[in-house]
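In: Make a model of this:
(chains A and B)
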Amino acid sequence: MNASSDMSFFSLIAGASLPVQLVMLILVITSLFSWWYIFIKVATIKRAERDAEDFEDTFWSGGDLNKLYDVITANRRKPQGMASIFEAGFKEYARHKQQTRMDVSDVMEGSRRAMRAAFNREMDELDAHLPFLASVGSVSPYIGLFGTVWGIMNAFRGLSNVAQATLTQVAPGIAEALVATAIGLFAAIPAVIAYNRFASSVDRLSVRYESFMEEFTNILQRKS
Amino acid sequence: MLRQRENTDSFKAGVLSITVHVILLGALLISFNWKTTHPVSIAEVELWDSLPVANVPKQPPPMVIPKPVVKEIPKPKPKPEHVIEPKPELKLPPKSEPEIAIKQEAPKKPIKKDPPKELPKKIQQEDQLAKLQKQLMQDALEKPNKPPVDDVLKKLQQESLSDEKALGEQKSNAAKAGVVDEFKAKIQAKIRNNVNNSLCGDGNPELKFEIALLPTGELGSSPKLTKSSGNVTCDEAVERAIRASEPLPLPEDKTLFSQFRTLKLTFKPNDH
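Out: Residues are numbered from 1 along each chain as shown, chains lettered A, B, ... in the order given. Below is the predicted model:
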């Protein structure tokens, strides 16, 4: 057995047994998807933060709330983030206002509920794909380890037929098997880092939304 | 799988994710030298496999090994006489019984001067003394390093002190010396069998090792090379052989162990 020509990266993968190759394939696909979601998440969270910034600027600049509502609803795009919360709350408030017989506290309750519902929808959007990243981060090392263990098992089983065991007989098998662990780690590490980062960003955004909800409720109460 | 509002980013993200993987694969291929060749170490491992095979056919010459043993027997013989018994005894008698020593010295001179005039009592002693003198002269010849006169005088003193006892001791000494030599030969033979001659070249290198033994026959410390053969691999081969020969054969008589505490052994790996 000539060890020198065997050790190129592609021949390592090609020489691995079928379960190990399957494990590698699964891990590569997982890694591709997790990176895809990571980039999507980076873009969406960045946009949500920018939107929140812009909306807070326009909201606290002291313009008329009716005018702001008109601008938001006139937009072709469906309102997102804080704008959607504002839209839901103000719409509910305006509807209750038209029915003059209603009590102030009931009006406030209704608009608050509407805002709460919009907030939950927004949070659902923001939390999307985070569970996937968490699973990839925790599970893919195990998948890689499984492939490695399988490969090493094969390598040592081949050793049992030989009278004189040398390192050359095991080394290629182990090298092949270790590639699986390497791919698993490569998939897991970015996923874990991204998950932690995104979770903290989503937490900060939700705090921002909730405090906006409280402040907006106060403003509406004063108006009524 | 994707949210509606994420559709705009999905394509860009997909391209980026593929780019990341391509970059990493490229880095992996460039940074690692995948075509490393190191069959040299493998060859070393296989070399060791053939060693014992090469050693086995060379074992038959144990018949030859005794030769150096026979040569060496005369040498160590005087040693035990000087080393084992006499020394402790020699120190004691002059101190404890100085008078006798003096008395005994007196008769010596007349004996040498004029034996026939001596009293019949002393004739026996004289014969024995003559014998002893011959022996001691032989010893002195064999061991020219030590001042012979001193030895002879000491011997005379001791022997005349207890003639019969000394004779008995001598016999037992000789027996003990034989045992000691036998075991020294055994030790050397055992080590010889473990030496891989092929590592010592074609010449006839000679090397000397000093080894310290424990009563169990194991090495007390690592063997010390006192005289190198000039060939490092040969020296190492012999050292390995010494280590491989543990435990070394030792006589059952524990009193003889003092002879084996430190051994100076001479090896001629290519001498058959």
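In: can you give me the strands in the chain?
Out: Chain wasn't specified; assuming chain A. Ranges of strands within chain A: none, based on DSSP state E.
In: let's do chain B instead
Out: Remark: strands assigned in chain B by DSSP E are B:207-212, B:224-227, B:262-267.
In: Quick check: buried residues in the first one?
Out: Neighbour counts over strand B:207-212 (16 or more other CB atoms under 10 Å in any protein chain shown) mark B:207, B:209, B:211 as buried. For every residue, glycine as well, the C-beta is placed using N, CA and C.
In: CA-only coordinates of it in PDB, if you can.
Out: This file holds the C-alpha atoms of strand B:207-212, laid out as PDB (Å, rounded to 0.1, in the frame of the first residue of the first chain):
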ATOM      1  CA  LEU B 207      33.700  -2.600  23.700                       C
ATOM      2  CA  LYS B 208      33.500  -2.600  27.500                       C
ATOM      3  CA  PHE B 209      30.400  -2.000  29.600                       C
ATOM      4  CA  GLU B 210      30.100  -1.500  33.300                       C
ATOM      5  CA  ILE B 211      26.700  -2.700  34.600                       C
ATOM      6  CA  ALA B 212      25.200  -2.500  38.100                       C
END
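In: List the pairing partners of that strand within its sheet, with orientation.
Out: strand B:224-227 (antiparallel), strand B:262-267 (antiparallel) (DSSP bridges).
In: Between the two ends of stretch A:13-21, how far is it?
Out: 7 Å (CA to CA, to the nearest Å).
In: Distance from it to the middle of the chain?
Out: Chain-centre distance of stretch A:13-21: 31 Å, with CA atoms, centre = their mean, to the nearest Å.
In: same thing with stretch A:37-51?
Out: Relative to its parent chain, stretch A:37-51 has a centroid offset of 10 Å by CA atoms, centre = their mean.
In: check whether it contacts chain B.
Out: Yes - residues of stretch A:37-51 contacting chain B under CB under 8 Å from any CB of the partner chain: A:37-40, A:43-44.
In: got a pLDDT number for the residue lying closest to residue B:237 once chain neighbours are set aside?
Out: Of all residues not flanking residue B:237 in the chain, residue B:199 sits nearest, at 4.1 Å (CB to CB, 6 or more residues apart in numbering or on different chains). pLDDT for residue B:199: 76.
In: ranges for the helices of the stretch 101-250 of chain B?
Out: For the stretch 101-250 of chain B, the helices defined by DSSP state H, counting those that start in this stretch cover B:120-142, B:148-161, B:163-194, B:232-244.
In: what does the average pLDDT come to for the longest one?
Out: Going back to what we said before, that points to helix B:163-194. Average pLDDT, helix B:163-194: 76.
In: So for that helix, what gets flagged as buried?
Out: Going by neighbour count (16+ other CB under 10 Å), the buried part of helix B:163-194 is B:166, B:169, B:173, B:176-177, B:179-181, B:183-194.
In: Find the residue at the geometric middle of chain A.
Out: Centroid check for chain A by CA atoms, centre = their mean gives residue A:130 as the closest residue, at 3.0 Å.
In: mind checking how far stretch A:163-179 is from the chain centre?
Out: Mean-position distance between stretch A:163-179 and its chain equals 39 Å (CA atoms, centre = their mean).
In: So it, near chain B or not?
Out: Yes - Stretch A:163-179 is in contact with chain B by CB under 8 Å from any CB, via A:164, A:166-168.
In: returning to that earlier point: which one of the residues of stretch A:37-51 next to chain B sits in the busiest neighbourhood?
Out: Counting neighbours by other CB atoms under 10 Å in any protein chain shown, residue A:37 comes out on top of the residues of stretch A:37-51 next to chain B with 26 neighbours.
In: Contacts only, for that residue.
Out: Applying CB atoms under 8 Å, 6 or more residues apart in numbering or on different chains to residue A:37 gives the contacts A:129, A:132-133, B:13.
In: one more time with 6 Å
Out: Contact analysis of residue A:37 by CB atoms under 6 Å, 6 or more residues apart in numbering or on different chains lists residue A:129.
In: Just the pLDDT for it.
Out: At residue A:37, pLDDT is 93.
In: For residue B:260, give its distance to chain A.
Out: 39 Å (CB to the nearest CB, to the nearest Å).
In: So that residue is in contact with residue B:214, correct?
Out: No - judged on CB atoms under 6 Å, residue B:260 makes no contact with residue B:214 at a distance of 9.5 Å.
In: Of these two, which one has the most company?
Out: For residue B:260 and residue B:214, the more surrounded residue by other CB under 10 Å is residue B:260, and the numbers stand at 21 against 16.
In: Can you tell me the closest non-neighbouring residue to the more buried one?
Out: Nearest residue to residue B:260, sequence neighbours excluded (CB to CB, 6+ apart): residue B:213, at 5.0 Å.
In: and that neighbour, how far is that from residue B:264?
Out: 12 Å (CB to CB, to the nearest Å).
In: So which of those two has more stuff around it?
Out: Using other CB under 10 Å, the more surrounded residue of residue B:213 and residue B:264 is residue B:213, with 21 against 12.
In: so how far is residue B:194 from the more buried one?
Out: According to CB to CB, residue B:213 and residue B:194 sit 16 Å apart.
In: likewise residue A:138?
Out: Per CB to CB, residue A:138 is found 57 Å from residue B:194.
In: quick revisit: the residue nearest to residue B:260 pairs with what?
Out: Applying DSSP bridges to residue B:213 yields these beta-bridge partners: residue B:219.
In: Listing request: residues of chain A with sub-threshold pLDDT.
Out: Along chain A, the model assigns pLDDT under 70 to residues A:1-7.
In: returning to what we had before: out of the residues of stretch A:163-179 next to chain B, which end up buried?
Out: Looks like the residues of stretch A:163-179 next to chain B have residue A:168 buried, using 16+ other CB under 10 Å.
In: Could you list which of the residues of stretch A:163-179 next to chain B belong to helices?
Out: Cross-referencing these against helices under DSSP state H gives A:167-168.
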